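Enquirer: Sequence first, then the predicted structure:
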Amino acid sequence: MSEKEIKLSMLTDLYELTMANGFYEAGMADQIACFDMFFRRVPDNGGFALMAGLKQMIDYLQQLHFDKEDIAFLKSKGYFSEGFLNYLKNFQFACDVWAVPEGTPIFPKEPIVTVRGPIVQAAIIETMVLLCINHQSLIATKANRIARAAQERVVMEFGARRAQGVDAAVNGARAAYIGGCAGSSCVAADVAFGVPALGTMAHSWVQMFDSEYEAFCTYARLCPENCGLLVDTYNTLKSGVPNAIRCFDDVLKPMGCRPKSIRIDSGDITYLSKHARRMLDDAGYPDCKIIASNSLDEYIIRDLLIEGAKVDLFGVGERLITAASDPVFGGVYKLCATENQQGELIPKVKFSDNVGKITIPGFKRSWRLFDKDSGKAIADVITMHDEKIDETKPYEIFDPDHTWKRKTVTNFIARSLCVPVYKQGKLVYNSPDETQIRRYCAEQVDTIWDEVQRFENPHTYYVDLSQKLWDCRDQMIKEYTGLKK
């Protein structure tokens, strides 16, 4: 990588700039266009994903400008017009933006970010919008799966050293915290976002001393109020745990302190934790927690608990921070409508031989229907932007692909999923802090039925279309495929 500072104005795909130049030269720079960001598949074949990364998207849009160096670089490429370069020189973001708040459960095909504004501006921001939302939504979704597998036990994100770059480590820790982790080993995430920095010690501490016992005692004297010892450097049950107990007796007890934890980072976690628990209890330390780490994920954690492992906290690293089992979120950013000179919105659609890639046309909004009695989410409905769902009347929902599957919903609350973020380029949204987002996330996940939260073969949560939107899409499909005479 070059030593030059990476400018986010240049963090865009080249075709976005060449198309923007083309729009400008064609006299279309100020034509209003609407784009939706959505995703097509939940990672790990799960039942839902989580929205994250909105704060970073806002930070990008707030700072978006093109300085003299940017203009000079683009000019050096030789295929941007002077008029377009002058446009970028005087660039001022002027779009409307709506987005789903961070921490909200989200589902395939529904808009999670909508941008409406001059086509040149709406096109240029595509890469960064996708980058911000795709990465953190992926990590938040994975973290939530792991946190749910832990069954309310503490999960710590330990993956900074295995993250794919600086931003992935810091923003990934943020996303993991939103998704349900209690904190992160990454100090920079604490500095930047208030994500609690957590950790114990590494094997190198133990190895630096003449004996394991000496290493433990030295650490206990230095950190008597927060003493957590790594017990698997040599032999967990024959050396590590006995030396930890001896240290607790000889150092902490005379100081009037209690040990916080021991950590097991290798071996058969179930077997070792059961024996370690018994040894700690027999020694008078039932309050000493056992931490497990070592390439964990939601499936291993689930199996450990099924097997009766005596683990109180989990440290999860590489398989969380990289979402190793399914490392691509797959969000896309597609044109869905334009506005003519009379101010009328013209729906746009993208077709494909791959049916799953056919887009939903029109300037839209998404709703979530909640049962008033249980508080659980019933289904999501995508409507035209000017539609409103009347909660006082029964509302019929239907499967957009199998339209005979219908249900009339009563006694429900309808909430619009997206909130205004920018109005004509002015920020109108106050981002909550990460602790508030994390709390909100837990509350919203609780509205999702357990059957949808299953890891394997989750129940399908339906995202339906309003009749008006379905008719629009059906008409456009028939027109573009020649079925309509």
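Expert: That came through, no problem. Numbering: from 1, shown residues only.

Enquirer: Surely Pro108 touches Gly46?
Expert: No - counting by Cβ atoms under 8 Å, Pro108 sits too far from Gly46 to count as a contact (10.8 Å). Where you see a C-beta, it was placed from the backbone N, CA and C, and this is true even at glycine.

Enquirer: Not counting sequence-adjacent ones, nearest residue to Ala276?
Expert: Val241 (5.0 Å; Cβ to Cβ, 6 or more residues apart in numbering).

Enquirer: Using PDB, write out every CA atom in the helix or strand where the one you found lies.
Expert: Taking DSSP states H and E as the definition, one finds Val241 inside helix 241-247. Provided in PDB are the C-alpha atoms of helix 241-247 (Å, rounded to 0.1, in the frame of the first residue of the first chain):
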ATOM      1  CA  VAL A 241      -5.100 -24.900  37.600                       C
ATOM      2  CA  PRO A 242      -3.200 -26.200  40.600                       C
ATOM      3  CA  ASN A 243      -0.700 -23.300  40.300                       C
ATOM      4  CA  ALA A 244      -3.500 -20.800  39.900                       C
ATOM      5  CA  ILE A 245      -5.200 -22.100  43.100                       C
ATOM      6  CA  ARG A 246      -1.900 -22.000  44.900                       C
ATOM      7  CA  CYS A 247      -1.400 -18.400  43.700                       C
END
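
Enquirer: can you pull the buried residues of it?
Expert: Under the neighbour-count criterion of 16 or more other Cβ atoms under 10 Å, helix 241-247 has Val241, Pro242, Asn243, Ala244, Ile245, Cys247 buried.

Enquirer: ok, residues contacting the helix or strand just after it?
Expert: Once helix 241-247 ends, the next helix or strand along the chain (criterion: DSSP H and E) is helix 253-255. Contact partners of helix 253-255, identified using Cβ atoms under 8 Å, 6 or more residues apart in numbering, comprise Pro224.

Enquirer: One more: stretch 80-87?
Expert: Contacts for stretch 80-87 (Cβ under 8 Å, 6+ apart): Leu17, Thr18, Ala20, Asn21, Tyr24, Glu25, Ala29, Ile71, Leu74, Lys75, Val120.

Enquirer: let's go with 10 Å and repeat that
Expert: 17-18, 20-25, 29, 66, 70-72, 74-75, 88, 118, 120-121 (Cβ atoms under 10 Å, 6 or more residues apart in numbering).

Enquirer: Report the buried residues of that stretch.
Expert: Phe80, Phe84, Leu85, Tyr87.

Enquirer: Any figure for the gap between the third one and Phe158?
Expert: When Cβ to Cβ, to the nearest Å is the yardstick, Leu85 and Phe158 sit 47 Å from each other.

Enquirer: Can you pull out the low-pLDDT segments for this structure?
Expert: 1-4, 483-485 (pLDDT under 70).

Enquirer: can you give me how far the biggest helix by length in it is from the chain middle?
Expert: The residue-count maximum for a helix in the chain (DSSP state H) belongs to helix 126-149. Relative to its parent chain, helix 126-149 has a centroid offset of 2 Å by Cα atoms, centre = their mean, to the nearest Å.

Enquirer: Centre of the chain to the very next helix or strand once past that helix, how far?
Expert: Downstream of helix 126-149, the first helix or strand assigned by DSSP H and E is strand 154-157. Mean-position distance between strand 154-157 and its chain equals 16 Å (Cα atoms, centre = their mean).

Enquirer: Quick check: neighbours of strand 154-157 in the sheet, parallel or antiparallel?
Expert: Sheet pairing here is set by DSSP bridges, and for strand 154-157 it gives strand 183-184 (parallel), strand 313-316 (parallel).

Enquirer: Could you dump these into TSV with distance to His402 and mean neighbour count added?
Expert: Shown next, in TSV, are the strands paired with strand 154-157 (distance: least, Cβ to Cβ, whole Å; neighbours: other Cβ atoms under 10 Å):
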stretch	distance to His402	mean neighbour count
strand 183-184	43	25
strand 313-316	39	25
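
Enquirer: can you put those strands in a markdown table and add distance to Lys372?
Expert: Shown next, in a markdown table, are these (distance: least, Cβ to Cβ, whole Å):
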| stretch | distance to Lys372 |
| --- | --- |
| strand 183-184 | 36 |
| strand 313-316 | 37 |
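
Enquirer: right, and the ones you listed - which one's nearest Trp205?
Expert: strand 313-316 (15.9 Å; Cβ to Cβ).

Enquirer: Just the C-alphas of the closest one, formatted as CSV.
Expert: Presented in CSV, the C-alpha positions along strand 313-316 are these (Å, rounded to 0.1, in the frame of the first residue of the first chain):
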residue,chain,number,x,y,z
LEU,A,313,-17.3,-16.6,29.3
PHE,A,314,-16.2,-17.1,25.7
GLY,A,315,-13.4,-15.3,23.8
VAL,A,316,-14.0,-15.5,20.1
